[in-house]
Structures are given as structure tokens and as C-alpha cells.
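Engineer: sequence and predicted structure below; questions after.
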Amino acid sequence: MTQDELKKLAGNYALKYIDQDDMIVGVGTGSTVRYFIEGLATIKSRIQGCVSSSEQSTKLLKEFGIPVYELNSVGTLDIYVDGADEINHQLKMIKGGGAALTREKIIAAASAKFVCIADESKYVDLLGEFPLPVEVIPMARSYVARELVKLGGNPVWRENVVTDNGNWIIDVHNLKILNPVELEQKINNIVGVVTNGLFAMRGANELVLARSSGNIDVIK
């Protein structure tokens, strides 16, 4: 199966988690989530609506006629469905390739269950081959980059990218992340960092993993 077919397989499988009527569903960002949103559109009469992690996903949801709510108005969500750029066997992730990491992390924190949907190319033993995104206040970019070098990374400014929050992204290359929780905390403590793309303190509760064989593994 192609990677797109695997993404669709994972996205459609995640519809099984919409197991009650009138749920408000947390929705992430990216190509795998797009298939989940397309699937949600087929059962939209069963849900109240969604809380979205990006302007891109919000636009798509509205195109399908699915109501989009502000997180502040709904409180805790039952479920959040999102993809990952990398996910390890402990279900800790690198996210933010689409520059939506801050809103994704907020919605994940506000959700009772986080279901990650991914194809098997994203499932890794060690995080860090995918560059770690860090969202920074623009005036702090150079300072934060210098601090990231001290942590052993090679920071590269993702030029011409502005997040939905009006900030910039630094991608940190050449990290071998042996302790994701510790590194997440260290980077978040750098002044000028909004957040970073390590989802380790709050990882996924379950992983819906599409295998190249066409099978789905659900890993908890």
C-alpha cells in the first residue's frame, strides 16, 4: 500500500473512537488527520462539532459543515485525534512539522484521551531523526538558537513560516533524544520559547498504526 493509503486507513480507523453521540472531538493537523476529518464528515450528524488545532484544519472542518468550537467554551474534551512526525514505543512523539505544535499541545493537555494516528514509517525506537520544531517569540530567535546549540542540537530557522500564533519556528537537527521528558522540560525553560514539539510529558494514550501489510495495530 502507498503511504497515502496507509494514512487513510489510520484516519478512517480512528472513527471507531467516536463511540458516543454529541461528542466534541479534538482534531489535529496534517495529512493523516485530513483523512480523519473526511471520515468525520460522513458521521457529522452524530457529533456536536470539533475543537481544531490549526487554521488549516478549521477551514477544512467548516468546508464539510462541521461546527468548530473554541476550547475555552467547551472545557475538557473526551478525545483528541492527531498524527505525529515520529512516535516511539512509549508513545512519546515529535510533532510540529506543520507548525501547529502549540495549539496541538494545548488541546492534547485538555483531552481525556489522545489517540495518535500514523503509518508505520513514523514508528521509531529513538526520537530525533526528524528535526525537533521549537516555536519561539520572534525577537528571541537568535538567543534561543544559541541555547539549543548548548543542548547538542543544530538549530535551523524555518524561514518564511509564521505560526497561527504569530511566532517563528526553529527546527533542531542532529538530536538523539534518550530522555524525551527531560529534554522537553529543558527546552520549554529557555526564555523566549513558546513550546517545543516533544509530546513526552503528555504523550499519546493509544496509537493507531497502519502497517504496510494493510493491517492496523492499536498500541497502548
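Structural biologist: Perfect, I can see it now.

Engineer: max-length strand in the protein?
Structural biologist: Ranked by residue count and defined by DSSP state E, the top strand of the chain is strand 111-119.

Engineer: report all helices and strands that the helix or strand just after that strand contacts.
Structural biologist: From strand 111-119 onward toward the C-terminus, using DSSP states H and E, the following helix or strand is strand 132-136. Applying 3 or more C-beta pairs under 8 Å, 6 or more residues apart in numbering; DSSP states H and E, we find strand 132-136 packed against helix 101-109, helix 141-150, strand 168-173, strand 193-196. (Glycine included, C-beta is placed from N, CA and C.)

Engineer: residue 94: how many residues sit nearby?
Structural biologist: The number of residues packed near residue 94 is 29, by other C-beta atoms under 10 Å.

Engineer: distance of it from residue 147?
Structural biologist: 19 Å (C-beta to C-beta, to the nearest Å).

Engineer: could you do residue 195 as well?
Structural biologist: As judged by C-beta to C-beta, residue 195 and residue 147 stand 15 Å apart.

Engineer: can you check residue 47 too?
Structural biologist: When distance is defined by C-beta to C-beta, residue 47 is 42 Å away from residue 147.

Engineer: got the contact list for the helix or strand hosting residue 9?
Structural biologist: Taking DSSP H and E as the definition, residue 9 sits inside helix 3-13. For helix 3-13, the external contacting residues (C-beta atoms under 8 Å, 6 or more residues apart in numbering) are 1, 31-39, 117-121, 208-212, 214, 216.

Engineer: secondary structure element holding residue 40?
Structural biologist: Residue 40 belongs to helix 31-41, assigned by DSSP H and E.
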